[in-house]
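**Q** Requesting a structural model of the entry that follows:
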Amino acid sequence: MKSKLIASCGMNCMICVGFLREKNKCPGCRDMASKKYWRKCIIRNCPIIKKNKWKFCSDKCEKYPCQRLKNLDKRYRTKYGMSMIENLELINSKGIRIFLKEQEKKYEKDSKILCVHNKRYYPSTS
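**A** As a prediction, the model looks like this:
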């Protein structure tokens, strides 16, 4: 897993159906070529993240977690059993390397990646 595939909100793009699918594949939320995907994303375009040159939402922000992040997190916890806020807390407390190792343990099996959205395994792209 690669750190450049972790979105500002804490989503691991490597486990997203948009990144894993064959047709109309998303290159990941932080990839400059994916502008059509993140152009309207409130979190990706957060002025606080940009001003501080952070890669991710940070617990150093006075608004963390903001209402948009809370809503996104609630939807993902309910529908997909995954928490962006938990991801960000691990990134903020232990660092991106530890987070990526945890993600590998959770979502990689036999050179395949488990998609958080449809619970199907896809060939690993790394």
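**Q** is it true that residue 90 touches residue 96?
**A** No. If you go by C-beta atoms under 8 Å, residue 90 and residue 96 don't touch, sitting 9.2 Å apart. Glycine gets a C-beta too; all of them are placed from N, C-alpha and C.
**Q** Tell me where the longest helix sits in the protein.
**A** Looking across the chain with DSSP state H, the single longest helix is helix 67-80.
**Q** packing partners for that one?
**A** The contact analysis (3 or more C-beta pairs under 8 Å, 6 or more residues apart in numbering; DSSP states H and E) places helix 67-80 against helix 84-94.
**Q** Can you list the buried residues in the helix or strand just after the helix it packs on?
**A** Of the helices and strands lying after helix 84-94 in sequence (DSSP states H and E), the nearest is helix 96-107. Buried residues in helix 96-107, defined by neighbour count with 16 or more other C-beta atoms under 10 Å: 96, 99-100, 103, 107.
**Q** cool, and stretch 4-19?
**A** 5-16, 18-19.
**Q** Return the subset of those residues lying in strands.
**A** Per DSSP state E, strands hold no members of the buried residues of stretch 4-19.
**Q** Can you report how many residues lie near the residue nearest to residue 77 when sequence neighbours are not counted?
**A** The shortest distance from residue 77 to any non-neighbouring residue, by C-beta to C-beta, 6 or more residues apart in numbering, is to residue 83 (5.1 Å). Close neighbours of residue 83, defined as other C-beta atoms under 10 Å, add up to 16.
**Q** gap between residue 83 and residue 21?
**A** According to C-beta to C-beta, to the nearest Å, residue 83 and residue 21 sit 23 Å apart.
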